[in-house]
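**Student:** show me how the following folds:
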Amino acid sequence: MVKILERTSPLVATEMAATAKKRRVGILGGTFNPPHLGHLVIADQVATQLGLDEVRFMPDAEPPHVDRKLAIPAEQRVAMVKAAIADNPLFKLELAEVERGGRSYTYDTMVQLTRAHPENQYYFIIGGDMVAYLPKWYRIEELEKLVQFVGVCRAGYARETPYPVLWVDMPQIGISSTMVREQVRRGQSIRYLVPTLVDLYIKEHLLYRD
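**Tutor:** Alright, predicted model coming up:
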């Protein structure tokens, strides 16, 4: 079920109606180190509940909030995302941040995408835990004019925010990339935690062993 935050203003609702004819594109950004089934469930639920035309998975080049020593090279993360989304026609790969390189700030990326594709209305998907941090995002006041934020509900996190957020309820899936990496490091199975092709890629390239 989709819920729009009560504090969303009539002006925002009017603007959303005005963009109804645009192509509705979800953006799911992240390090994807590695991509797992939780990422796919989030993308699928948001796409179907909001009626999006597609969801684009956007790997970071150099995420500002992650220790760069912990992230494997972008080309390997991109390869795993490609493998993970290959069987769903709603899912696409967005390489804007990888191709630009350097630290990845959402504002810079969305300026680039909206200028290149004015026909799209972007829905930027974030976890419920990240909503509380929106006031600290780089150039957030300008960013909120470029995208519609979509919050993925998570138990234990409040929905209060000064920003207009569409909330989407979905099954709680306790899978994280950290968990997957730790499973691999311990020599334990990651079957049913990641797509089969991602599991095979990790094994073939001996990732996350150290």
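
**Student:** neighbours around the residue lying closest to Leu146 once chain neighbours are set aside, how many?
**Tutor:** Spatial nearest neighbour of Leu146, excluding adjacent residues (Cβ to Cβ, 6 or more residues apart in numbering): Met110 at 4.6 Å. No exception for glycine: its C-beta is placed from N, CA and C like everyone else's. When counting by other Cβ atoms under 10 Å, one arrives at 21 neighbours for Met110.

**Student:** just the element for Met110, please.
**Tutor:** Met110 belongs to helix 106-116 when elements are defined using DSSP states H and E.

**Student:** got the angle for the next helix or strand after that helix vs helix 106-116?
**Tutor:** Next in sequence after helix 106-116, counting helices and strands by DSSP H and E, comes strand 120-127. Compare the direction of strand 120-127 with that of helix 106-116 by axes from the mean of the first three to the mean of the last three Cα atoms, to 10 degrees and you get 160 degrees.

**Student:** give the pairing partners of strand 120-127; include direction for each.
**Tutor:** Note on strand 120-127: by DSSP bridges, its sheet partners are strand 23-30 (parallel), strand 147-152 (parallel).

**Student:** how far is the shortest one from where the chain is centred?
**Tutor:** Spelled out, that is strand 147-152. 10 Å (Cα atoms, centre = their mean, to the nearest Å).

**Student:** and the end-to-end length of stretch 142-158?
**Tutor:** End-to-end distance of stretch 142-158: 24 Å, with Cα to Cα, to the nearest Å as the criterion.

**Student:** centre of the chain to it, how far?
**Tutor:** Taking the mean of its C-alpha atoms, stretch 142-158 sits 11 Å from the chain's own mean (Cα atoms, centre = their mean).

**Student:** before we move on, the earlier item: residues touching the residue nearest to Leu146, list them.
**Tutor:** Contact analysis of Met110 by Cβ atoms under 8 Å, 6 or more residues apart in numbering lists 27, 122, 124, 143, 146-147.

**Student:** in JSON lines, list these along with distance to Glu54.
**Tutor:** Shown next, in JSON lines, are the contacts of Met110 (distance: Cβ to Cβ, whole Å):
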{"residue": "Ile27", "distance to Glu54": "10"}
{"residue": "Tyr122", "distance to Glu54": "11"}
{"residue": "Phe124", "distance to Glu54": "14"}
{"residue": "Leu143", "distance to Glu54": "21"}
{"residue": "Leu146", "distance to Glu54": "18"}
{"residue": "Val147", "distance to Glu54": "15"}
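
**Student:** show me the contacts for Ala158.
**Tutor:** Per Cβ under 8 Å, 6+ apart, neighbours of Ala158: Ala132.
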